[in-house]
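# Structure here, sequence nowhere to be found:
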């Protein structure tokens, strides 16, 4: 990720100020810079707008009737933590920078300000946000395969189980173990083994549904996939697609186990069920000859 590469068109800013004479030129200024921008006249309107539409930034006046800017920033910090906020005021002596930051704001700007100062503030906030996102991504990603790591697997599984229970939709867990990976490593070398694992990660990401399912490197040559809103038929279809890709692109096979969530099931129990299914698959593979070719 290039942290210096910033696209203003990717950012949507909501301006909050109870004075039309301030809002209108500010929106025009931000749109001139290339940002997508809308405006509202109060904190309540801002909260309503954030419920209906997605924004990456909120630029709010501090001194407003009913709900002031600090109260609004505090609400946004709790209810919309992904939204960056910048506070603005013409009464700088009444508000300390530390109070604004403690309320949850990313930065603070004094009125009146010019387009250059505003752009600099927003650019800095974007860079800081992107850097934090990249650090967060790296902390949950396996560096070799590009899949999520085991630590994130358990956190995500807990979240999806809670969501599946609340929304009453199907949820499936798939565990995969590369067949004879140790032999592959021993005969071809560790660099070749690493390249194979990279290809496995790529295939898993390609075969699952983007922004719906998620793949994980569970262990050395073990992988996990969380399938959202997936019944047994969908699960088998995705597994078949992955194993077919393994056979055609990497000339390898994988033992696979899976389990479906049922009401009240705990995360560790779902993992244990999928693991038991995987153990049975490994047992079947040992019992039967593979002379007929890859098990796809």
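Done, it's in. Nothing here was measured: the structure is a model prediction, and the numbers come from that model. Numbering: from 1, shown residues only.
# ok, now which ones touch residue 47?
72, 75-76, 79 (Cβ atoms under 8 Å, 6 or more residues apart in numbering). Placement of C-beta: from N, CA and C, glycine included.
# make it 10 Å
Neighbouring residues of residue 47 by Cβ atoms under 10 Å, 6 or more residues apart in numbering: 16, 40, 67, 72, 75-76, 79-80.
# where does it fall, phi/psi-wise?
Torsion angles at residue 47 (phi, psi; degrees, to the nearest 10) stand at phi -60, psi -40.
# Could you check how far it is from residue 30?
The gap separating residue 47 from residue 30 is 20 Å, by Cβ to Cβ, to the nearest Å.
# How about residue 40?
Residue 40 is 14 Å from residue 30, by Cβ to Cβ.
# just checking, what packs against the biggest helix by length in the chain?
Counting by DSSP state H, the longest helix found in the chain is helix 115-139. Packing partners of helix 115-139 (3 or more Cβ pairs under 10 Å, 6 or more residues apart in numbering; DSSP states H and E): helix 20-33, strand 57-61, strand 84-89, strand 107-110, helix 150-167.
# how distant is that helix from the center of its chain?
17 Å (Cα atoms, centre = their mean, to the nearest Å).
# what angle separates that helix from helix 20-33?
60 degrees (axes from the mean of the first three to the mean of the last three Cα atoms, to 10 degrees).
# which residues touch helix 115-139?
Counting by Cβ under 10 Å, 6+ apart, 1-8, 10-11, 13, 26, 29-30, 32-35, 56-57, 59, 82-86, 88, 105-110, 113-114, 148-149, 151-152 sit against helix 115-139.
# Buried subset of the residues you listed, written for ChimeraX?
Buried members of the contacts of helix 115-139, defined by 16 or more other Cβ atoms under 10 Å, are picked up in ChimeraX with:
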select :8,11,13,26,29,30,35,56,57,59,83,84,85,86,88,105,106,107,108,109,148,149,152
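# Can you show me the helices along the protein?
With DSSP H as the criterion, the chain has helices spanning 20-33, 43-52, 69-79, 97-103, 115-139, 150-167, 181-188, 190-207, 232-245, 267-287.
# Where does pLDDT dip in the protein?
Along the chain, the parts satisfying pLDDT under 70 run over 1-4, 91-95, 287-296.
# Look up phi and psi at the closest residue to residue 151 other than its chain neighbours.
Spatial nearest neighbour of residue 151, excluding adjacent residues (Cβ to Cβ, 6 or more residues apart in numbering): residue 140 at 6.8 Å. In this entry, residue 140 is assigned phi and psi values of phi -110, psi 10 (degrees, to the nearest 10).
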